[in-house]
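[1] This is a predicted model, with the sequence first.
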Amino acid sequence: MSDSAGHTSGPPPERDSLAPGAGPNRYAGGEVLAAIRRAAELFANGRPFDAHECLEPHWLAARRHDPPLATLLRGWIHLAAAAHHAARGNGIGARAQTERALALLETPAARARAAEFGLAALPFPPPNAAAAGR
């Protein structure tokens, strides 16, 4: 569930929404793809924290049922956290989160899952940690 601001609430998606199947269509109603698109939109509009919140329930569910998807979502969550740190002038935090994100997103599993969704591994750019200060 999400409100008009894009904040998610409630329990993670049910197991059935992450049931095994072929490609991204395995997800009930395209929930995961919709959340990814919403997160990218929030990020593009300067709301990285909300992008993080949008992806988190899907990451929590995927951890148990689809580890490659969980890796991809976790990488994007770290990118959103990096941007949040950068926006607040925390260059050290931004760099650390960016490094974590890129390590996850460079894995073959994450790249393959992103390709299944027809997405780039980086739906939004890493923040410029140098510009955020120290």
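    Done, it's in.

[2] next helix or strand past the longest helix seen in the chain?
    For the chain, the helix with the greatest residue count under DSSP state H is helix 67-87. Counting by DSSP states H and E, the element after helix 67-87 in chain order, helix or strand, is helix 91-105.

[3] now the angle from whatever helix or strand comes next after that next one to helix 67-87?
    Following helix 91-105 in sequence order, the next helix or strand is helix 108-116 (DSSP H and E). If you take axes from the mean of the first three to the mean of the last three C-alpha atoms, to 10 degrees, helix 108-116 sits at 90 degrees to helix 67-87.

[4] List the buried residues of helix 108-116.
    110-111, 113-114, 116 (16 or more other C-beta atoms under 10 Å). Every C-beta, even on glycine, is put in place using the N, C-alpha and C of the backbone.

[5] what's the nearest residue to residue 52 if we skip its chain neighbours?
    residue 80 (4.0 Å; C-beta to C-beta, 6 or more residues apart in numbering).

[6] Any figure for the gap between the one you found and residue 108?
    Here the criterion is C-beta to C-beta, to the nearest Å. By it, residue 80 lies 23 Å from residue 108.

[7] Give the rounded mean pLDDT of stretch 101-116.
    The pLDDT scores in stretch 101-116 average 89.

[8] May I have that stretch as CSV, with CA atoms only?
    C-alpha atoms of stretch 101-116 as CSV (Å, rounded to 0.1, in the frame of the first residue of the first chain):
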residue,chain,number,x,y,z
ALA,A,101,25.2,-0.1,-3.9
LEU,A,102,27.6,-0.6,-6.7
ALA,A,103,29.0,-3.8,-5.2
LEU,A,104,25.5,-5.3,-5.2
LEU,A,105,24.4,-3.9,-8.6
GLU,A,106,27.6,-5.2,-10.3
THR,A,107,26.7,-8.8,-9.5
PRO,A,108,25.6,-11.0,-12.4
ALA,A,109,22.4,-11.9,-10.5
ALA,A,110,21.4,-8.2,-10.1
ARG,A,111,22.3,-7.4,-13.7
ALA,A,112,20.3,-10.4,-15.0
ARG,A,113,17.2,-9.5,-12.9
ALA,A,114,17.4,-5.8,-14.1
ALA,A,115,17.6,-7.1,-17.7
GLU,A,116,14.5,-9.2,-17.1
